[in-house]
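In: Here is my input; please provide its structure:
(2 chains)
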Amino acid sequence: MKWIDIKAGFRDFWDEFKRVRFGLFGLILLFIFILTVFINPYIVPFPEASSRWRDITYWEDNPVSAPPVWVNWFSSTKRAPSLILKEHDFSEEKMGKIKLARAVFEYEYPYDLPPLDVIFHGYAKGSPVIMLSIERPDGQIVELVRRPISKSDGKDVRVSIGKDSRIESYNFGVKYEKPESNRIEREMVKPTSILFSEAKEGILVHPAPLKGVYKLIIEIILPAENDAVEDIYFTFSGGVSGWLGTDSSKRDIWSGVVAGVKWALLIGLLTAFTAVSIGVIYGVISAYLGGWKDSLMQRIFELFIGVPLLPVLIVMSAIFKPNIWIMILMMSCFFWVGPVKTVRSMGLQIKEETYIEAARAFGASSSRIIFKHMIPLLIPYSFASMALYVPSAIVYEASISLLGLGDSTIVTWGQILHDALTGGAVINGLWWWVIPPGLFIALMGMTFAFIGFAMDKILHPKLRTR
Amino acid sequence: MYWKYCIRRIIYGFAIFVVLIFIFSALFNTTMESTLRSQIEEEIRGETLKLDTRMTPEELIRYIAERREFKQHLYHLDKPIWSRIVWRAINVLSLDFGKATIMRSSSGEADVWTIIAECLPRTVLLFTTAIFINIILGLWLGLKKAQKAGGLMDKTTSIGTMVVYGMPSWWLGMLVIMFFAYTIGIFPSGGLHSIPPPTGFAYYTDLLRHMALPVLTLVLIGFWGSAFLIRNIVLGILQEDYIMAARTRGIPERKVLYGHAMRTAAPPIVTMALLSLLASVGGNIIFEGIFSWPGLGNLYWISIEQNDIPVLMGNLFVTTALYIGGLVILDLIYGFLDPRIKVGGKQ
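Out: Sure thing, here's the model as predicted:
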């Protein structure tokens, strides 16, 4: 079979494929999936999700178990979303040797429920003193934190208003409460809910939101010439966060789910490709050789048929603790039996064709006949069954990961669901943690099912609708 | 000769099982033995605690060494590796799976076989019920689809088949629990029965209530596929000449469908039902863990969580036996329904 034949064959196939509408839809979906792998860094807020999924410091600014941002659209109480605030006015003053820097961040707050925490970030050199205060829409200025930095060549500074300004916020709020009303403990108050509430009675117990523009003011005293605080910004960990919310370990689920796309594609395509290739070659060789070799190969094949796939994979994963590559290899070792039976019977038919006989008469070797004259005819069938094996490979990997036996250096949808299950997402109704990963598994399965069934329809015209 | 075919097929299935057990035994030999060794150490420690306290330390050391040697001999650990593999495989074939390290059966026994035998009927109950409902619904929908192939109903439901094609059943199970057990709260979220289990007739209604959600999930995932397969089977048959002949003779369409087409379609449909039961064992079994349905699939979860290797291995052996048994039964039924099969080649 020459290249031009393959090209012509492919064009014919494509002409037929174009007419199957759901097949085209599947191709479009596949294209979108592949596209997300390449534009991954531009569509997720946490592009390192794939490599740092289990690194808690990477996620520490996020809220715990926050629902997705768009929940606000359907809810009457609007919660402040997570946000990174970088824009600010910066001014510097010199007082003798000491410099005084001042940065003002404006924060628009039109919501009903305040962010859970507001965190200041900066990169400090030397030994500056950082002072943080907030100017509320009613004009009051609350001084929150004063943080001297011990001398350093440069380190990250992180000031959390929620943790580091309990006393200051409490003192601000307690002025408005009547002394006899039952006060709540100082340790119990949430600083942000005091700071973003109207200054009136009940601010500690039943705060009413004060909407408007807040000014977060950072004042930095720089005692020496080279001292500086750079890259300053605020992160708000909101009551709603990201497109798909966060899980109980503060991880952004959208970032995780998108990071899972490439692993799912890899697992599915690689397993399907290896397994189907082995299966097709095995089936054809078995059919071509015939005689006792065929019988022997069929006995080995039947041995593999007798293996209950998932239980064996589970036990192997539990005992050998494989990484993802070994897992793909393990799956391929058992998946190859799928196409063998069909391929063998097709091979038996092809073997009897006259051109095979002619090739043999010319003295072509067995391997030449198998690889040059028989397997090319089976390529369309191979592709159709490959497409249909991709979803099962993904589901098998997900099932193993669901049991907690997955490769812990990567992030797959099955692992996110494992965390959801052990993190009590089902019991606590954290639907944004359960639905998206499984939906992506189902979507990916659907994509390849569309493509596979479309090819199947072309290859088996008998079942075509009348 | 149907019974000859039967015997041959059964022996053949058994042979495959034996070979697989040997392979598993060799594959997991190291892990099994390290568990066994630590179990022996545990037993010896227990024995020394009960000993006479007047023994000198030398005597004690000698005693421990003697006991260790004895036990290792008992469990064949002093033999060469191939004989240990054979010995373990033979043990498994005689249903001796050893003792569980942590897990116990409901009556408190540590015997692995007892633990597994307890779970086996529950798995069978759950999956057979689900497949039964599946096939009924699948037949109903599949026949409709085949009758008007290419129609709106056929197209939309075929899309449905593809939509659920790669959907993990356990994920749908999680959603179903979230909705029916926690949001609406009309069904229990899991387990076999309420605690304490009611007696008499109430026991069965309680069991049904607990079965509702897992069965619903399995049916929701499964029946699209069976409908699609049944459609393809029936559609293939409807294009045969004898169907056309029956139609030209003026036999009513209902009769053609049920009398002529269904008779030919029966063997593949039965096969399909059994195959999907087998597929559940081979690919769906951990689904039980989501519903805490205490069957074999749930046993995988627990034995992995508690790192109980003997139970895990025993479970694998039983599942394999079940699976191969299913394959054999499938062939037998198929041979019974379709006489062409059992002629078997060269005779």
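In: list the buried ones in stretch B:30-39?
Out: Residues B:T31, B:M32, B:E33, B:T35, B:L36, B:Q39 are the ones in stretch B:30-39 that count as buried (16 or more other Cβ atoms under 10 Å in any protein chain shown). Yep, even glycine has a C-beta here, placed from its N, CA and C like the rest.
In: ok, the residue of the stretch 251-400 of chain A found nearest chain B - how many residues close by?
Out: Of all residues in the stretch 251-400 of chain A, the one sitting closest to chain B is A:P391 (3.0 Å; Cβ to the nearest Cβ). Neighbourhood size, A:P391 [other Cβ atoms under 10 Å in any protein chain shown]: 26.
In: again with the one 4 residues further on
Out: Close neighbours of A:V395, defined as other Cβ under 10 Å, add up to 28.
In: I'd say it and A:M444 touch.
Out: No: counting by Cβ atoms under 8 Å, A:V395 stays clear of A:M444, with 9.5 Å between them.
In: what is in contact with those two at once?
Out: Common contacts of A:V395 and A:M444, defined by Cβ atoms under 8 Å, 6 or more residues apart in numbering or on different chains, comprise B:G166.
In: in the strand or helix carrying B:I324, what counts as buried?
Out: Here B:I324 sits within helix B:309-337, counting by DSSP states H and E. Going by neighbour count (16+ other Cβ under 10 Å), the buried part of helix B:309-337 is B:309-332, B:334-335.
In: Chain A next: which of the buried residues of stretch B:30-39 are close?
Out: Residues of the buried residues of stretch B:30-39 in contact with chain A (Cβ under 8 Å from any Cβ of the partner chain): B:T31.
In: Now secondary structure, pLDDT and distance to B:D154 too, for the buried residues of stretch B:30-39, in JSON lines please.
Out: Putting the buried residues of stretch B:30-39 into JSON lines (DSSP: H, G, I helix; E, B strand; the rest coil; pLDDT from 0 to 100; distance: Cβ to Cβ, whole Å) gives the following:
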{"residue": "B:T31", "secondary structure": "helix", "pLDDT": "78", "distance to B:D154": "51"}
{"residue": "B:M32", "secondary structure": "helix", "pLDDT": "76", "distance to B:D154": "52"}
{"residue": "B:E33", "secondary structure": "helix", "pLDDT": "78", "distance to B:D154": "57"}
{"residue": "B:T35", "secondary structure": "helix", "pLDDT": "78", "distance to B:D154": "54"}
{"residue": "B:L36", "secondary structure": "helix", "pLDDT": "78", "distance to B:D154": "58"}
{"residue": "B:Q39", "secondary structure": "helix", "pLDDT": "80", "distance to B:D154": "59"}
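In: Name whatever forms a beta bridge with A:E108.
Out: In this entry, A:E108 is beta-bridged to A:V213, by DSSP bridges.
In: these two touch, right, it and A:L216?
Out: No: in this structure, A:E108 is not within contact of A:L216 by Cβ under 8 Å, at 11.8 Å.
In: Tell me where the chain is predicted with low confidence.
Out: Picking chain A for this. For chain A, the stretches with pLDDT under 70 are A:1-2, A:179-186, A:461-466.
In: You answered for a different chain; I wanted chain B.
Out: In chain B (pLDDT under 70), the answer is B:52-53, B:339-347.
In: What parts of the stretch 351-466 of chain A come near chain B?
Out: Going by Cβ under 8 Å from any Cβ, the residues of the stretch 351-466 of chain A near chain B are A:390-392, A:394-396, A:398-399, A:402-405, A:417, A:420-421, A:426-427, A:429, A:431, A:434-435, A:437-438, A:441-442, A:444-446, A:448-450, A:453, A:462-463, A:465-466.
In: Can you turn the buried part of those into a ChimeraX selection?
Out: In ChimeraX, this line selects whichever of these come out buried by 16+ other Cβ under 10 Å:
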select /A:390,391,392,394,395,396,398,399,402,403,404,405,417,420,421,426,431,434,435,437,438,441,442,444,445,446,448,449,450,453
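In: among the residues of the stretch 351-466 of chain A next to chain B, which are in helices?
Out: Per DSSP state H, helices hold the following members of these: A:390-392, A:394-396, A:398-399, A:402, A:417, A:420-421, A:426-427, A:431, A:434-435, A:437-438, A:441-442, A:444-446, A:448-450, A:453.
In: show me the contacts for whichever residue of chain A sits closest to chain B.
Out: At 1.1 Å from chain B, A:G445 is the closest residue in chain A, using Cβ to the nearest Cβ. By Cβ under 8 Å, 6+ apart, the residues touching A:G445 are A:V390, A:P391, A:I394, A:V395, B:Y165, B:G166, B:M167.
In: hang on, the earlier thing: so the residue of the stretch 251-400 of chain A closest to chain B touches A:F453, yeah?
Out: No: under the criterion of Cβ under 8 Å, A:P391 is not in contact with A:F453, lying 11.3 Å apart.
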